[in-house]
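Engineer: predicted structure and sequence below. I'll ask about it afterward.
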Amino acid sequence: MSGVVLYDDARARRFEPFALTRPLAELRAGALLIRERWTRALGCDAAGFAGAAQLADFDEPGVPGALTTIPRGAVLANARFSPALSIAPHEATRWVAAGRVAAVRLPRDVAVEELDGGRVPLEALVPGDGRDAPIEGVWIDEVWELIAHLHDMLAADIPILGAELRRVGRDEAIIIGPHLVLAAEGATIEPHSCFDVTDGPVLVETGATVQAFTRVVGPCFIGEHSLVTTDRISGSSIGPYTKVHGEISASVVLGYANKGHGGFVGHSYLGRWANLGAETVTSNLKNTYGNVSLWTPDGMRDTGMQFLGTLFGDHAKTGINLSLNTGTVIGAGANVVGRMPPKVVPPFAWGEAGSFETYRVDKFVDVVARVMARRSVALSERGRRQLAAAHAARWSA
């Protein structure tokens, strides 16, 4: 099978605070990135993505870049569909999920310009008399659904990803409940760690460390070379090279992020390289116990969710003792201090409520380079251009 190209349709390009700085397929849904879910489902490599103009120079290690032409024979897959990990690869002209076309095999070369900013539906690119095949998974129609579907996706993903991994024994850690604790080679589980697997399994990836006196509540995924320590880590998907201290619940940490101190984070999403200052706290439940509303580029929306915290864009930072309201959006590159900011902070904002300024792009990029270097990752020239393009395309609220 030829490579898969991930397509950010018009709806995906409005999934803020993430769409400004990364293609949707590079977000984590359940235990894996959406791109990784598609390559498993189709049994092939990713060949690139078709996304927004400001992502033309998107550059992260191991990630195929933006294309200008999608070659004949490639599979063009909607990045808003997250395939199940249990499916077996098979050939088709169109892959259909819940009555909607999730992917197509292109019969000709397609210039990305033809996709009209993501407004062209996949079914318009192939003849209607091809071979359809069903594909299981979850449609992500709204950005908050990355949190809404998290528990069920983790519960399904972990037994599949951990099928060949070592089962942690009750002589190694405190284990409560019937589900498994699975550890990859090179994972470290210190004595006096506690795993509550009453409601689902736990997987600890290569190089990750669960420190003593940490309670990990399943279903929970702890990515490669991440560190979780000294509190309750519950129902979350922790990406690679991340530090988590303090309570975190029902949240996604994309990767290379830092929550190194105390403070509750619940039903939230931390973008790549996000950094939360000590005692940053998110509210994830209204005092009325009603549905949480969230800012979107199309205005405030009722999410239908009773629990929803904060969405932090890539490179977002918070100061110490920052309190965040239910359904808060912190834009990419924002640096927020003070007491409680408004429920939406634009990207590259600097300061506190009532006195935000725009972070100068040259200073921002220099800080990004220093932050990345601390994790032995270099910011490439393409990466610098991409961040500058995102800064130029930034939205306001």
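Structural biologist: Noted; the coordinates are in hand.

Engineer: contacting residues around stretch 366-382?
Structural biologist: Asp57, Phe58, Asp59, Pro61, Tyr241, Tyr256, Trp273, Asn275, His315, Val365, Arg384, Leu387 (C-beta atoms under 8 Å, 6 or more residues apart in numbering). Backbone N, C-alpha and C define where each C-beta goes, glycine included.

Engineer: quick one, helices of the stretch 251-397 of the chain?
Structural biologist: Along the stretch 251-397 of the chain, counting by DSSP state H, counting those that start in this stretch, helices occupy 361-373, 381-392.

Engineer: right, and out of the contacts of stretch 366-382, which lies closest to Arg40?
Structural biologist: For the contacts of stretch 366-382, the residue nearest Arg40 by C-beta to C-beta is Pro61; the value is 19.5 Å.

Engineer: for Val244, see how far away the nearest residue to that closest one once chain neighbours are set aside is.
Structural biologist: Excluding the flanking residues, the one nearest Pro61 by C-beta to C-beta, 6 or more residues apart in numbering is Val377, at 7.3 Å. Distance of Val377 to Val244, given as C-beta to C-beta, to the nearest Å: 19 Å.

Engineer: number of nearby residues for Arg170?
Structural biologist: As a burial measure, Arg170 scores 10 neighbours (other C-beta atoms under 10 Å).

Engineer: meant to ask about Gly354
Structural biologist: Neighbourhood size, Gly354 [other C-beta under 10 Å]: 8.

Engineer: again with Ala50
Structural biologist: The number of residues near Ala50, taken as other C-beta under 10 Å, comes to 25.

Engineer: can you check Met153 too?
Structural biologist: 25.

Engineer: pretty sure Leu203 is touching Glu224, no?
Structural biologist: No - assessed by C-beta atoms under 8 Å, Leu203 is found out of contact with Glu224, at 11.0 Å.

Engineer: who's more crowded, these two?
Structural biologist: Higher neighbour count among Leu203 and Glu224: Leu203, with 27 against 18, using other C-beta under 10 Å.

Engineer: assign the more buried one to helix, strand or coil.
Structural biologist: Following DSSP: H, G, I helix; E, B strand; the rest coil, the label given to Leu203 is strand.

Engineer: what bridges to it?
Structural biologist: Counting by DSSP bridges, Leu203 forms beta bridges with Leu182, Phe221.

Engineer: and it, what is it in contact with?
Structural biologist: Counting by C-beta under 8 Å, 6+ apart, Leu203 touches Ala31, Ile158, Leu161, Gly162, Leu165, Leu182, Ala183, Ala184, Cys220, Phe221, Ile222.

Engineer: any weak-confidence spans in the stretch 201-350 of the chain?
Structural biologist: Within the stretch 201-350 of the chain, no stretch falls below the threshold (pLDDT under 70).

Engineer: whoops, I mixed them up, the stretch 1-150 of the chain
Structural biologist: Looking at the stretch 1-150 of the chain by pLDDT under 70, you get 1.

Engineer: how many other residues sit next to Glu136?
Structural biologist: A count of neighbours around Glu136, defined by other C-beta under 10 Å, yields 13.

Engineer: and for this protein, the residue most distant from the center?
Structural biologist: In the chain, Asp129 marks the outermost C-alpha relative to the chain mean, sitting 35.7 Å out by C-alpha atoms, centre = their mean.

Engineer: state the phi and psi torsions of that one.
Structural biologist: The phi and psi torsions at Asp129 (degrees, to the nearest 10) take the values phi -100, psi 20.

Engineer: I'd like the distance between it and Pro107.
Structural biologist: 11 Å.

Engineer: show me where the stretch 51-200 of the chain has its strands.
Structural biologist: Ranges of strands in the stretch 51-200 of the chain, per DSSP state E, counting those that start in this stretch, are 69-70, 75-78, 81-83, 94-97, 100-105, 110-111, 132-134, 137-139, 166-167, 174-176, 181-183, 188-189, 194-196.

Engineer: any chance of the ones you listed in a markdown table, with mean neighbour count and distance to Ala349 too?
Structural biologist: Output for the strands of the stretch 51-200 of the chain, formatted as a markdown table (neighbours: other C-beta atoms under 10 Å; distance: least, C-beta to C-beta, whole Å):
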| stretch | mean neighbour count | distance to Ala349 |
| --- | --- | --- |
| strand 69-70 | 20 | 36 |
| strand 75-78 | 26 | 31 |
| strand 81-83 | 27 | 30 |
| strand 94-97 | 20 | 38 |
| strand 100-105 | 22 | 36 |
| strand 110-111 | 16 | 36 |
| strand 132-134 | 13 | 44 |
| strand 137-139 | 20 | 32 |
| strand 166-167 | 13 | 45 |
| strand 174-176 | 15 | 43 |
| strand 181-183 | 25 | 41 |
| strand 188-189 | 18 | 38 |
| strand 194-196 | 21 | 38 |
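
Engineer: for Gly207, find the nearest of those.
Structural biologist: Nearest to Gly207, of all those, is strand 188-189, at 8.1 Å by C-beta to C-beta.

Engineer: for the closest one, packing partners?
Structural biologist: strand 209-210 (3 or more C-beta pairs under 8 Å, 6 or more residues apart in numbering; DSSP states H and E).

Engineer: tell me the first helix or strand C-terminal of the strand it packs on.
Structural biologist: Elements were assigned by DSSP states H and E; along the chain past strand 209-210, the next helix or strand is strand 215-217.

Engineer: who's in contact with stretch 165-173?
Structural biologist: Defining contact as C-beta under 8 Å, 6+ apart, one finds that stretch 165-173 is touched by 175, 180-185, 189, 191-195, 203-204, 210.
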